[in-house]
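Peer 1: Here's my sequence, what's the structure:
(2 chains)
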Amino acid sequence: MLADGGMPAPPPGMGAGDEEGWHRLSARMLLVHPVRALMSMAVPLVLVVFGVSRGDNGPWLWFVVVGAVLAVVFGVLAWFFTTYRFTSEQLQLRTGVLSRKVVTAPLDRIRSVDLESTPIHRVLGLAKAKIGTGVDTSQIELDGLTRQQGADLRVFLLRRSHVVDTGDSPSTEAPAATDADAGATADRTGEEELARINWGWLRYAPFSLSSLVVVAGAAGVLGQFGDDLPFDEVSAAQGAWEWVIARSLVLLIAGAVVALLLSWVLVSTASYVLNWWNLRLVREPGGKIRLSRGLLTTRSQTIESAKIRGVLMTEQFLLRFVRGAELTALATGVGTGGTTRLLPPAPRRVVEQVGHELLEEDGALTMALTGHGPKARRRIHVSQQWGSLFLAVLVAVPTYWIDVWWFASWPWWVPLAALGAVGLLNLAIAEASWRNLGHGLTQDHVVVQTGAIIRSREVLERAGIIGWVLHQSFFQRRLGLADLTATTAAGNERLVAPNIPVGAAIELADAATPGMLDRLRA
Amino acid sequence: MTVVQPTRHAAEPTLREPAHRVNPRALKYWVITDAIWSFVVGVGLVVGYQFLPDSWARWLGPLFILIMLYNVVTLALEPLIRYRRTRWEVTGERVFSQTGWLSRDQRIAPLSRVQTVDTQRGPVMRLFRLANITVTTASAAGPITLTCLDTDLADQVTADLARVTGQTRGDAT
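Peer 2: Residues are numbered from 1 along each chain as shown, chains lettered A, B, ... in the order given. Down below sits the predicted model:
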């Protein structure tokens, strides 16, 4: 249903398009495609150029050149055949060189607009827009709007959906925003800043485990050179040299550890700066949350705040020592799997404050929660130790019953040692996860905290709960425990309170969604 | 740290069971499908055993026998227990189901949040004139399956559900 039926709706600054209103993406994209093609061909090109000295690389050179030319031609064709237009009700995008495809999104269903500019885009003054309808996860991508078009499009699409949603007539902001140039500035008046990057937070970067993958990868590459280190020659030396060898080995290991730590700090800090440069989180008039960030690739994400159903605060093991935390928004059909990272690793106090601003309610992230009691503790410990037992058996089988390969040399105590070590570790994990486990209820939200190594507190708006699942495994039934799941359309579509006493589960569900459990209690 | 353990437990509320049992023909259907499954697994294991080298067969053999024994015990116990435990209910305001034979799953969804209603009849189910109804909401965690209803009853329930949910406004999120 539309408020203004026949309104032809090209957003400001777009021009009229052809006679049916179809637009092409900016012609500057024609420059982006060759650059991208060249970059993807860079590695093979370098290999070929360096290999030329060995002769006989003529065919390969041609192969690479033809590949690059084909990539450019395809890019141009794709640009030529990609068109989009706005009708009074829909955004339509036509793509495909050989097989044509039309994607449409109803304008009144558009819930999020993300603008992204890679360094190439930025040099050319372009942006990529991703438009989400907030119902399913597929997004419409317009890669190659000018920056102004992108900004106007964002204002146009989101104001429009807001107007239709509430049934308001376009209010005072409308005339200001229709002016192409004033669009961005008019927008800035009356917006409220929720968070801005504070470079003091950079100290949290090394404590975040997100860059672990990168450093591990780098270490793996370095490991390739490990064989070249002169261990064998050194150990072949004798006599007086032995003391030196022992010393140098210790030095070598210490050096490696220091190098690893340094590279860790370097990589994590660099990725923090690259990702979160210029971070601004603002609430725009009309109930939209806008997040902009990025040093080389800039991103701007806008979500309707009505679609934000809750937040997730995660505290990783290391971050907890320095009282840091991260914040993620749980929204419906927006971002990756309904989640959007809002803050980098930052002081817990800031995360709580921003989180409460988004929830429009105080307390959910700071309140004391109700634990799940002694039975839950027993259940968590026992189920955790099944893992240790399984691992011990896995080790015991080759030790005692398989006399081949190098298993034969394993002494009898290996399985017991494995059981002991893993058992102790699991004991600590189980105890930590029981201590962190809890639930709570505020005026508008349900709160659940879980996790051992990564403690996460998930807050979900009570109005966003669309059903309940009470699951009891065989062992849980004997202890009167259950896994209570609140189903929702936002975030990863569920909020699970594991190992909660059945009584507490039903009290929580009944209080969180009055009426849904009417006449079901016994 | 910020979690306080409860000191006492008041009278423990529980959920009652949904009102209706599944159709008694479901019992036969479950026996048949379990039997087919155990047979397939058994044949697979026996055939696989022939190709094992001796050193493996020595300790994988007992494992295979255990698996087959488990299948037979399941065949004897599971359908009856499942029949007693599987229940469903559709009232004016909600769908409520209970499934599982060793575990227990109780699912509740208000009709105002239901998005789709599907009916499935597998080939074996059709022999017994049974049907499953799956009710989905906007959450991937929320689908509710009412298993093994009589075909006519399933059609009637589906029609009722479709009529009620058709009146729902908004996108039910």
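
Peer 1: Can you tell me the closest non-neighbouring residue to the most centrally placed residue in chain B?
Peer 2: By C-alpha atoms, centre = their mean, chain B has its centre lying nearest to residue B:99, at 5.0 Å. Closest residue in space to residue B:99, ignoring its immediate chain neighbours: residue B:105 at 4.9 Å, by C-beta to C-beta, 6 or more residues apart in numbering or on different chains. Yep, even glycine has a C-beta here, placed from its N, CA and C like the rest.

Peer 1: tell me which helix or strand of chain A sits lowest on mean pLDDT?
Peer 2: None of the helices or strands of chain A scores lower by mean pLDDT, DSSP states H and E than helix A:173-178, at a mean of 37.

Peer 1: surely residue A:115 meets residue A:129?
Peer 2: Yes. Residue A:115 lies in contact with residue A:129 (C-beta atoms under 8 Å); the separation is 5.6 Å.

Peer 1: Quick one: low-confidence residue ranges for the chain.
Peer 2: Looking at chain A here, since you left the chain open. A:1-19, A:44-45, A:47-58, A:134-138, A:160-189, A:210-242, A:244, A:333, A:335-336, A:401-408 (pLDDT under 70).

Peer 1: Sorry, I should have been clearer: chain B.
Peer 2: Checking chain B against pLDDT under 70 turns up B:1, B:8-11, B:168-173.

Peer 1: any idea how it splits into domains?
Peer 2: As recorded under automatic domain parsing, the domains making up chain B are B:20-83, B:87-166.

Peer 1: overlap in contacts of residue A:115 and residue A:129?
Peer 2: Residues touching both residue A:115 and residue A:129 (C-beta atoms under 8 Å, 6 or more residues apart in numbering or on different chains) are A:150, A:154.

Peer 1: what about the longest helix in chain B?
Peer 2: Taking DSSP state H as the criterion, chain B has its longest helix at helix B:54-85.

Peer 1: Just list what it packs against, helices and strands only.
Peer 2: helix B:25-50 (3 or more C-beta pairs under 8 Å, 6 or more residues apart in numbering or on different chains; DSSP states H and E).

Peer 1: by contact count, what packs against the helix it packs on?
Peer 2: Under the contact criterion of 3+ C-beta pairs under 8 Å, 6+ apart, helix B:25-50 touches helix B:54-85, helix B:123-127, strand B:130-136, strand B:144-150.

Peer 1: tell me which residues in that helix are buried?
Peer 2: B:26, B:27, B:29, B:30, B:34, B:38, B:45 (16 or more other C-beta atoms under 10 Å in any protein chain shown).

Peer 1: Pipe those into CSV and attach distance to residue A:425 per row.
Peer 2: Formatted as CSV, the buried residues of helix B:25-50 follow (distance: C-beta to C-beta, whole Å):
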residue, distance to residue A:425
B:26, 45
B:27, 46
B:29, 46
B:30, 42
B:34, 40
B:38, 39
B:45, 36
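
Peer 1: Next, give me the two most distant ones among the residues you listed.
Peer 2: Between any two of the buried residues of helix B:25-50, the greatest separation by C-beta to C-beta is 27.9 Å, found for B:26 and B:45.

Peer 1: show me the contacts for the closest residue to residue A:499 other than its chain neighbours.
Peer 2: Using C-beta to C-beta, 6+ apart and skipping residues adjacent in sequence, the residue nearest residue A:499 is residue A:376, 4.1 Å away. Contacts here follow C-beta under 8 Å, 6+ apart; on that basis residue A:376 touches A:434, A:437, A:481, A:499, A:500, A:501.

Peer 1: can you check residue A:283 too?
Peer 2: Taking C-beta under 8 Å, 6+ apart, one finds A:191, A:192, A:194, A:289, A:290, A:305, A:357 in contact with residue A:283.

Peer 1: buried residues in the one helix or strand the fifth one maps to?
Peer 2: When you say that, I think you mean residue A:290. Residue A:290 is part of strand A:288-293 when elements are defined by DSSP states H and E. Buried positions in strand A:288-293, judged by neighbour count with 16+ other C-beta under 10 Å: A:288, A:289, A:290, A:291, A:293.

Peer 1: swap in stretch A:21-36?
Peer 2: Result for stretch A:21-36 [16+ other C-beta under 10 Å]: buried residues A:21, A:23, A:25, A:26, A:29, A:30, A:32, A:33, A:36.

Peer 1: Now do the same contact list for the last one.
Peer 2: Taking C-beta under 8 Å, 6+ apart as the criterion, residue A:36 is in contact with A:71, A:75, A:120.

Peer 1: And the contacts of stretch A:490-497?
Peer 2: Applying C-beta under 8 Å, 6+ apart, the external contacts of stretch A:490-497 come out as A:307-310, A:312, A:330-332, A:337-339, A:372, A:439, A:446, A:448, A:450, A:458, A:460-461, A:464-465, A:483-488, A:505, A:508, B:138-142, B:173.

Peer 1: how long is that stretch from one end to the other?
Peer 2: With C-alpha to C-alpha, to the nearest Å as the measure, stretch A:490-497 spans 16 Å from end to end.

Peer 1: gap between that stretch and the chain center?
Peer 2: With C-alpha atoms, centre = their mean, to the nearest Å as the basis, stretch A:490-497 stands 15 Å off its chain's centre.

Peer 1: and if you look at stretch A:416-434?
Peer 2: Remark: stretch A:416-434 is offset 30 Å from the chain centroid, using C-alpha atoms, centre = their mean.

Peer 1: can you list contacts of that stretch?
Peer 2: Counting by C-beta under 8 Å, 6+ apart, stretch A:416-434 makes contact with A:371-372, A:376-377, A:380-381, A:384-385, A:387-389, A:391-392, A:395, A:450-453, all of which sit outside it.

Peer 1: ditto for stretch A:504-518
Peer 2: Against stretch A:504-518 from outside (C-beta under 8 Å, 6+ apart): A:370, A:372, A:439, A:441, A:446, A:462, A:465, A:467-468, A:470, A:482, A:484, A:486, A:497, A:500, A:521, B:6, B:13-15, B:93-94, B:108, B:110.
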